[in-house]
Structures are given as structure tokens and as C-alpha cells.
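Engineer: predicted coordinates and the sequence they were generated for:
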Amino acid sequence: MARAITDIKRLEKSREEVIEENVQEVKEAVADNKDAILEGIELLSALQKEGTLETLSAFVKAKDETLANVVREIDKEQYTPLLNNLPELVFLLGDLNVSGIRSLSSRLNNGLERMEDEGTTKKMNMLDFAKVLKDPEINRSLTMLMSFLKGMGQK
Amino acid sequence: MNEHTVVKINGTEYLADHPDQTLIQLMNKVNEQVPQICYNESLGPIQTCDSCIVQVDGELVRACGTKVKAGMKVQTQLPHVHKAQKEALDRVLEKHELYCTVCDYNNGSCEIHNTMAEFGIEHQERPFQPTSYEKDYSGTFYRYDPDQCILCGRCVEVCQDVQVNETLTIDWERQEPRVIWDNDVPIDQSSCVNCGQCSTVCPCNAMMEVGMEGEAGFLTDTEPGILKSMINLTKKVETGYGPLFAVSDSEAAMREETIKKEKTVCTYCGVGCSFDVWTKDRQILKVEPSAQSPANGISTCIKGKFGWDYVNSEDRLQKPLVRRDDHFVEVEWEEAMQYVVDRMKKILAEKGPDHLAFIASSKATNEESYLMQKLARQVIGTNNVDNCSRYCQAPATKGLFRTVGYGGDSGSIDDLGDSKLVITIGSNTAESHPVLASRIKRSQKLLGHKLFVFDLRKHEMAKRADRFYQPKSGTDLVWLSAVTKYILDQGWEDKNFLDDWVNGFDEYRESLEPFTMEYASDLTGIPQEELKQVAEEVATSETVAICWAMGVTQHMLGSDTSTAISNLLLITGNYGKPGTGAYPLRGHNNVQGCSDFGSMPNFFPGYESTEDDEVRSRYEKAWGTELPKETGMDNHEMIEAIHDGELSMMYVMGEDTGIVDANINYVTAAFEKLDLFIVQDLFLTKTAEYADVVLPASPSLEKDGTFTNTERRIQRLYKSFDPLEGTKPDWEIIQLMAKHFGVDWGYEHPSEIMAEAAGLAPLFAGVTYERLEGYNSLQWPVAEDGTDEPLLFTEGFPFEDKKAKLYPLTYELMYDTNEEYDLHVNNGRLLEHFHEGNMTYRTSGIQRKTPNAFIEVSEELAKERGIEEGAEVKLISESGEATGQVTVTDRVRGKEIFLPLNSNGKSAINFLTDNRVDKDTDTPAYKEIAVKMKVLKKKGKSPIPKNNHRNGNPVPQISVKVQKKWQREDYTFPGRGAH
């Protein structure tokens, strides 16, 4: 006689059993993907050394909030021109001669350094100006500036 | 007719397929590009979006609204043509905001996005104009966003003319036109049946499945405020459309990684709809049918489109259960299998193989049916194997075997669409086979084809019918035979067809003598004049197809009535031609295939008798063992055998026998007597509650395999996701069981099972998984070279001389109500629920609209018994009783009551049914129940909620009435000034 029944005694697994099963599953996955996992570990360790990992995990944890803040902020009216400019800027960058700019900017840096070192206290008279024109470094700078002005004026 | 229609497009000459072809069809075929948004091949021209404007012989016209004509000159690229197209597209963008990257519809298939990108639109000339309407979120399954809607009218077209539910229209006359439901009510309050086809055909995100919302994209699941900001943001950053499309296309490509799209075949009724299921892990985002779906095209019903929650139900069993005293304990598979097999072996040793019996499932695949009968025959050594078609369509199969030789639909659903006259008998087609019914409804509405309905109930098809008759229950054989006799008496039969293709005429003609018009009219209650007109229409109609279902088969004369249908078709020559034939509409997704693949007590796969020595030795050779010869027990005999102590074990796969078999009190009493009862299912069903062992199986979405639909069409299903943890597909379980018996079949994939079956059964000789790849399908019989037969009998019938047989019949009325049991109970399906409801009651949206079964009572009977809507009554038959709530309706009349079979509670119809069966097949006579009614409560709350579609008010019209758009003052034809 088998009456209709609905009670079910669930198969309760101990925590140890569950852990054991999970570990086994992970072990198999590790064995199957050894190379990828080792490379992954290298990547993680590099990120950690740089401190990037910490930043990244903080960002991910607060992702929704961060995203909301940023999006709400940027959507404000005052940023509209900036946003409209963004894609334009991207196209602009495409036209620029980046390697040219790189050598130019290193020169600019040199200039700035010298400016810092020697200060602006020293006064110069006309003769001093004529003298420094002979200085090859200054001459090169001025020639460059002149060429730039000329190029910019071209139609 | 013009034989060769040559059209010149941009200077190149093209030959049109036929003079009725539209210009856009031809252009799409020969790859002459033109933008198009409202046009969809499955729907035909709607002419609302104006974007396919071309110049024809000097004039701008819509390519979709223009038929090809010989000598026509077409230009698509002239500057003013291009300008007109752009004007049309700009108007579309005025109604539709492009924020693709954060849109859930950005999946590569958005037709607005793609059209704009292809056309190369860079800037919006007209600013986007939102409407003043709110989104309609009232429905459970899809929602409407008027601000994204471009009024293309595809949803209206599909609702009016494809589904033919006639709920949607566009109100062109208001200031801001929009799509409306019924007479402008929210989605939820309308006559909408949630077939979901509007969201399928919508070219964008205006009409969208709720399951997609906030789920499809990487950035779309944000809260509405932020989403709005993000929409603005995307528009600011992506200044021109070029960059916008580039970013959103990349995002769409990324979605391909997370959203999986697999083809499956619907697991509900026998129509066999196929579609892609979009999933993210185990989450179902949406169901997407396509024009390539062979049975359904773009169509679905509420169950196929939205009824999949059961797959992820928390009630799913995830461990085998074994009975211990008054409860089940969960055990591991190994333990369950060992237990089952040890006990089976013991019964086998003590009582012999015929004490074991097996029931396969019409929900499971062909391969699983094949393995169930293989287990029974090869491993156990018994022919006691059957399936649920015993409960429904075995009589139809019998009737067809007697007359035409194949037990399946004669043609395809296409033939029903083409037939000039469709007759349905005892079939609630619109609710039981919704997508197939829509084909019939469409042909009637648009092409003027005729529909005759014979049914007790005035259901939707009856209301639409050109002729509707309500013959007295169980008398269909009589009017069918009388109509056939009258046709012969008038000399209207198809003499050539009878001479060429039919045997047994004289004997049959003689057997019709008693079936006079007078006799038929007396018994059925249909006036003689009417029957004569029916006869004339049948005889003179160019093509006739007859559909029938449980209203015919579930009677004591089910097989004979099915035979009478086939006889009538033979006499009038309605076999073997397109648009003709016999269509026993199969109730379950695989009720056809389950029998086809051998889970029957007398047949091997492909309907080859177990008693045929040649056949048996073929299987014996393949399976390496001696096989039983004598016919085994069918379902009905199994239950009797248990009561008689002649059956000790039953193994039921995917079948809630304890609810769906007739006279369930008697059936469950049998379960209690079994020594070993194994039930394999997704849930702890009513039947499983009696089991000794319950094995947790996986549903269709979790496995590969094939189903065969009512058209004999074999279609593949592909796994959408892995089986739920702890469950297994049925084929794996059966194989595991065989292995524990020491028989290692070694199948690694269902394709290997099909290969074996095809190698053994000539009916499926050419069936291979390769030939069934994707949306390809085969309609049996399939020859070895892969040729199938969508339309049967074009070259004769499968008998020795290729001739069909007329089969003589007699009639005797065996059932009636009486003084005590004075009411007749009819039963059947509801559109939104399936069978006993184990699957559909687990979809919360369906539950919300239709929470329970109800008892339909006629206005006359309600008045006589003094009851009103919501009354509670008890129905008492000689076998048992059922209680339920009443709805008073004109769908039933007089002393007839209707009770949907979709209930497994105390309203279950099978508490009332008894042991009477069809005399030829043992199919229970579910439709022959007399009851008395006891009123428990006189009135109450209606069992049908207000938001049920039955309370809606459809607004029938043809298409979207685009002329009304053109008549608007603010409308001009693009590029042409005022229209």
C-alpha cells in the first residue's frame, strides 16, 4: 500500500562535504587551465605592486554609485560644450603630428627648467639681446618660433 | 496572365517571379537596395513608413505598395528620390530617439538602427518630438513606449491579420496618433491574448518583451533617472550618427558574448512552433520566432512566447527521491538507480517481464520514446509500453490506418491555409492549437475561405464560422455518414478519384443505407435542410480539409467517427491535393513522435507490428536478443491489470497519469497496489506522490533532441542551458537504468539514437541530424535520400495496390444523460493553460490573468437553478465529484456544462470521468459524462478576473488603415508636396 505523500527529507550535506566538493571542482578547473591561471597570477601581482589593484577593487565595489555620480554630473548643462568638444578633440588628435609634438614638448620642458633655474630677476639691455642671438641654443629657439608663426599664418 | 514580367531597375533588367509580386519583393530578391522599415516579408506591405520611395516611370511611389508591371522603369538613386527617402527617414527619427548604446533592443537586429546606418544618415534634420503619453506597463509580458513608437503599424497588422485577435489599432485621428488596445484601454484590461507577436515584429524597442528590459545591455540595467541621464549623455558624446552607430554596434557585439540564442521547439501543443530562446545563464530574456520557423513563421501563442517560468521554478526536483514509510528521502543518483534496478530484477525473477510496464511521454523527445520502448523490449523483454496518445488521438490514428494507411495529418499547416473550406469537428482550435487556428482565421478573413464548425460549444472558432452547428454529443458519425450518403445519392462524388484510388466502394455504399437525412436530423438535432447544404458545399468546394480533436476521439465511438471523416474525404476526392485532407490535431508537442518512435504495445518504431516476424528479427539482430511478440498492455489495460494483481511495476516518464487518466479515483487506487512505482518528472506531481522512486528529469530547454509535430514534421531542439544541477535528461536516465541492468548502450548524444532508429525503421530511413540542422525539418515518411512528404498520398496510398479503403460503419447511441444525472459535462483546454497545468500555473503572469479553472454554465441553466456568476457548485457523476466556481456564459447552451481540463485541484475533471472507453483503442470516453449539480453557494466573485482577455472588446478591421494617415492634414507624401 503506497499512499500519496508529499514530505521530502532533504539530503543534507555537511559543510565539510560541500567544501570538499567545491575544492575538487576548483582543482579540476585549475588543472585544466594551468597556464592561464599562472599568467593571471602574474598580472594580479603586477597590479598589486603598482597599487592599481586597490584602486580597481574600491572602484568596482562602489561602481553603481560612482557611475551614477559621474553620469549625473556630466549630464549638467555646463558640460555640454565640453562633451560636444570631446569627439572633435579626438578627430583633432588624429591630425596632429604626435612625434613632432613629442620633440617639441621635450624642448619646452628644457626651457622651463632653465627658466626655473635662472629666474627672471636678471635685467637685459639691447646689447645683451644681440649677444644672446649668437648663442646657438637661443638662435635655434627663435628660428623655430619664427617658422611656427609663419606656418600658422599660412592659408 | 503575363508570362514574363521584365522590370528595369537602375538600368538593369530583371525578371519578376509572378505578376502579383510587389516591386519591393523583387528589389529585395535581386539585391537592389532601398531603405525599408515598416515592410516585413511575413506581413506584406503596410505602407506607413514611406522610406522605400522610388521613381517608377517618372513618378515617386512606395516600392512596397507597387506591383511589378512589364516594361516598368525604376530609379532608386536619383537625387530627388534619395531626398524623398531621407525625408521619410527623418520623419521616423522625429518619433524615435536614438540612444542605441543604452537601449535593450540594441542587439544587431534593430531595423531603425540598421536602416539609418545603411542609408548613411549623419544628422537629424528634425528634432525628436516626444508624445504626451506615458509608457504602458500594465501588462505582464510586454510593454508599450509611445515615445519610441514610429507608428509603422506592424503590430496592428500582425494582431489583426496574422494572429487575428483584432485587439490593436492605430487611432490616426487624434492629435498624436498612437497604438491603442480595444477601445483605448490599458494593455492589461484589453482583449489581448498575449501571443506576443506585436513585440516580435516591432522593428524597434517600442513594443518590447518585459523580460528584455534592463537585462539585454551592459548599461541598460540602471535606475530610470540615471538611464535618462545616460540617454542624454550618449546623445551629447555621439554628436553625429556615425560615431553613435560605431559605439552602439560595438556594444551590440559585446552583448553576443553574454546573450545566448538557441533554437528550440515549443513543448506545449502539437503545432510545433520553433523559435530562438535568448538566455543569459539560466535566465530567459525572450523567445524570438523567425520567418524560417517552418510551422509557425513569426507566430507564437502566450504559452510558447511567455510560458517558460516552470523551467526555473523552485519546485523543480533536484535529487532522486525514495519512499521511506510516510515520506520521501533525497538520495544520490547511484543509490536511486541501484535501488530501482534491484527491485525491478526481483519482480522480473519472481513474476516475469510482463509484470513490468512502461509509459513514455509526449513531452519527451523522439529519442527518449525510442529508448523507453527499447528498455522495455530489449532489457526487460515485454511489450507493455504505451504513451499518452492513448488518452487523446489513438482513435484518429486508428481511423486513418483503416482508410488511408498513415496515422498522421495528410498535409501541412500551409494546406489548411490554402484550403477553400476547412471543417473543424470537436476542436476548440483557437485555444488548443492557437497558431494553427490563426492560419485558418487569416484565410477566412482575408481570402474569403470558408470555415464550418461542428462543436457543442460556441467557442471563438464557432463565433467566426460561416456555418456553426451544435450536434448532440457523440453523434458526429451520424451526420458525417448522412452527408456522405446524400452526396452519393445526388451523384456529387468524385468518380474519377474513386475509380483510380479507392477500394471497397460497393460494400461501403450499402453500409450507408441507414444514414438517411431524417435519421441524422433526429439524432443530431441539425435540420435536414442545413445538412443538405453542408453536403452541397463539401461536394462543390474546390478543396476541403477536415480538422478534428478530442471532441471526436474521446468518445466510445472515437475511432469509428474518425473513420467516418476519412470516408467522407475519400468520397469527395479530398486527399492527395494541396489544401485537402484529414487533420487530427495532435494535442502535445510530441504526441505524434512518441507513438511514431515505438512506445506502443503493438508497434516497433514506424508502426511496424511486433507480431511481424521479419520486423521483429530485424530488431532482434540489431539489439542482440530475442524480443517479445505478443501485443502488450496499453495504458488502460495496465491500470486494470494492477487491480487484478497482474502488474507489479510501472515506470512512468513525464506523465501525470494520476490527473490525466479518466476516473482518477480508480487510477490512484491502482497506484497504491503497485509493488514498485517509478515516476520521472520535473516536479513532485500528483502521480509522483504515489511513487516509490521519483527521478528528477530535465525539460526541453535543457537538452538536445527532436520533436514531431501534428504535421509529421520532425524538428531539432538545441540545449539552451545545462540541466539544472542534480537533474538529467530522460534519455540519460533511461540509458543509466539500462546500464545498471548490465546493458551498455553507449550513446553520447541523441543524434546517435536517431541514427539507430532511422537505420531500423523504414519510415524514417533518411532522417539525420545534419538534415535537420537549424530550422530545417523533415515530414515523414523520409526516404533514404532525404526526400520527405509534406503532402501525403500524391502518388497513392501506402497499401499494396496503392488504393485507399472505404470502411463500413454502424452506429448505436450508447451514452446519454438521464433523469438523475441530467447534465452533460464537456471538457477541454484553455488558451493560457496547458493540460493539468503543471507547467503553466508556474508562470506568474499567466496565473495573474487566469488563476484557476472554472465551470461554464449556460444562461438558461443558471436561471433554472437560481445561480449567478461566481456561484459554487458540486458536480457529481457516477464515478466521483468535483467542485468549482461558476461563470455564466453563452459559450455553452442548455444542459451542457464546460469544465476546462487545466486543473489539478478539486475541480479536476477526471474525478468525474469513468472507465468507458473507445471500443477500438481503449481511449477513455472523457467527453461522455453525465452529472448532477448541487449548488453550494448561489453567487460570488467571478472566477475569471476582470483583466482576463475574455472580458475584452476586440476591434476587428483589416490592416492598419493607412489611408487615414494619408488623409491627415499634416501629412504630405515625401518629395511630392501635398498628397
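Structural biologist: Sure, I can see it. None of the values given here were measured: they were computed from a predicted structure.
Engineer: okay, now the residue of the stretch 51-200 of chain B found nearest chain A: neighbour count?
Structural biologist: Among the residues of the stretch 51-200 of chain B, B:V102 lies closest to chain A, at 10.2 Å counting by Cβ to the nearest Cβ. Every residue, glycine included, has its C-beta placed from N, CA and C. Using other Cβ atoms under 10 Å in any protein chain shown, B:V102 is surrounded by 22 other residues.
Engineer: try B:P578
Structural biologist: For B:P578, the neighbour count with other Cβ under 10 Å is 16.
Engineer: how near is it to B:G411?
Structural biologist: In this structure, B:P578 and B:G411 are 7 Å apart, going by Cβ to Cβ, to the nearest Å.
Engineer: do the same with B:W731
Structural biologist: Taking Cβ to Cβ, one finds B:W731 at 31 Å from B:G411.
Engineer: more crowded one of the two?
Structural biologist: Per other Cβ under 10 Å, whichever of B:W731 and B:G411 has more neighbours is B:G411, with 29 against 26.
Engineer: what helix or strand is B:A364 on?
Structural biologist: Taking DSSP states H and E as the criterion, no element holds B:A364; it sits outside all helices and strands.
Engineer: pull the number of nearby residues for it.
Structural biologist: Residues contacting B:A364 under the criterion other Cβ under 10 Å number 33.
Engineer: got the contact list for it?
Structural biologist: Neighbour list for B:A364: B:372, B:590, B:594, B:653-654, B:705, B:730 [criterion: Cβ atoms under 8 Å, 6 or more residues apart in numbering or on different chains].
Engineer: which of those lies closest to B:V81?
Structural biologist: Using Cβ to Cβ, the shortest approach to B:V81 within the contacts of B:A364 belongs to B:G705, at 51.4 Å.
Engineer: can I assume that closest one is in contact with B:L717?
Structural biologist: Yes - assessed by Cβ atoms under 8 Å, B:G705 is found in contact with B:L717 at 5.7 Å.
Engineer: which of those two has more residues huddled nearby?
Structural biologist: B:G705 (29 against 24).
Engineer: excluding covalently adjacent residues, which one is nearest to that one?
Structural biologist: Distances taken as Cβ to Cβ, 6 or more residues apart in numbering or on different chains place B:T365 nearest to B:G705, at 3.1 Å, with adjacent residues excluded.
Engineer: all helices of chain A, in order?
Structural biologist: A:15-32, A:34-50, A:52-61, A:63-74, A:80-95, A:98-118, A:126-134, A:136-153 (DSSP state H).
Engineer: for the last one, enumerate the helices and strands it packs against.
Structural biologist: Meaning helix A:136-153. In this structure, helix A:136-153 packs against helix A:98-118, helix A:126-134, with contacts taken as 3 or more Cβ pairs under 8 Å, 6 or more residues apart in numbering or on different chains; DSSP states H and E.
Engineer: separate out the buried members of the contacts of B:A364.
Structural biologist: B:372, B:590, B:594, B:653-654, B:705, B:730 (16 or more other Cβ atoms under 10 Å in any protein chain shown).
Engineer: got TSV for those residues, with pLDDT too?
Structural biologist: Putting the buried ones among the contacts of B:A364 into TSV (pLDDT from 0 to 100) gives the following:
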residue	pLDDT
B:M372	98
B:N590	94
B:C594	94
B:M653	96
B:G654	92
B:G705	98
B:D730	97
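Engineer: any idea of the pLDDT on the residue of the stretch 51-200 of chain B closest to chain A?
Structural biologist: Predicted confidence (pLDDT) for B:V102: 82.
Engineer: again with B:L901
Structural biologist: At B:L901, the model reports a pLDDT of 79.
Engineer: what is the burial count for the residue in the stretch 751-900 of chain B that chain A sits nearest to?
Structural biologist: For the stretch 751-900 of chain B, the residue closest to chain A is B:N838, as judged by Cβ to the nearest Cβ, at 14.6 Å. For B:N838, the count of nearby residues is 23 (other Cβ under 10 Å).
Engineer: was I right to think it contacts B:A688?
Structural biologist: No - the pair formed by B:N838 and B:A688 falls short of the contact definition of Cβ under 8 Å, at 10.3 Å.
Engineer: any regions of chain A where pLDDT drops low?
Structural biologist: By pLDDT under 70, the low-scoring segments of chain A are A:1, A:84, A:86-96, A:119-122, A:155.
Engineer: one more time with 80, if that's ok
Structural biologist: Residues of chain A that meet the criterion pLDDT under 80 lie in A:1-2, A:50-51, A:56, A:58-105, A:115-130, A:132-133, A:148, A:151-155.
Engineer: tell me the centre residue of chain A?
Structural biologist: Relative to the mean C-alpha position of chain A, the nearest C-alpha, by Cα atoms, centre = their mean, is the one of A:T52, at 10.8 Å.
Engineer: would TSV of the helices and strands packed on helix A:136-153 with mean neighbour count and distance to chain B be doable?
Structural biologist: Putting those into TSV (neighbours: other Cβ atoms under 10 Å in any protein chain shown; distance: least, Cβ to the nearest Cβ, whole Å) gives the following:
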stretch	mean neighbour count	distance to chain B
helix A:98-118	10	21
helix A:126-134	10	48
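Engineer: can you tell me the SS state at the residue of the stretch 701-850 of chain B found nearest chain A?
Structural biologist: In the stretch 701-850 of chain B, the residue that lies nearest chain A is B:G726 (9.5 Å; Cβ to the nearest Cβ). Using DSSP: H, G, I helix; E, B strand; the rest coil as the criterion, the local structure at B:G726 reads coil.
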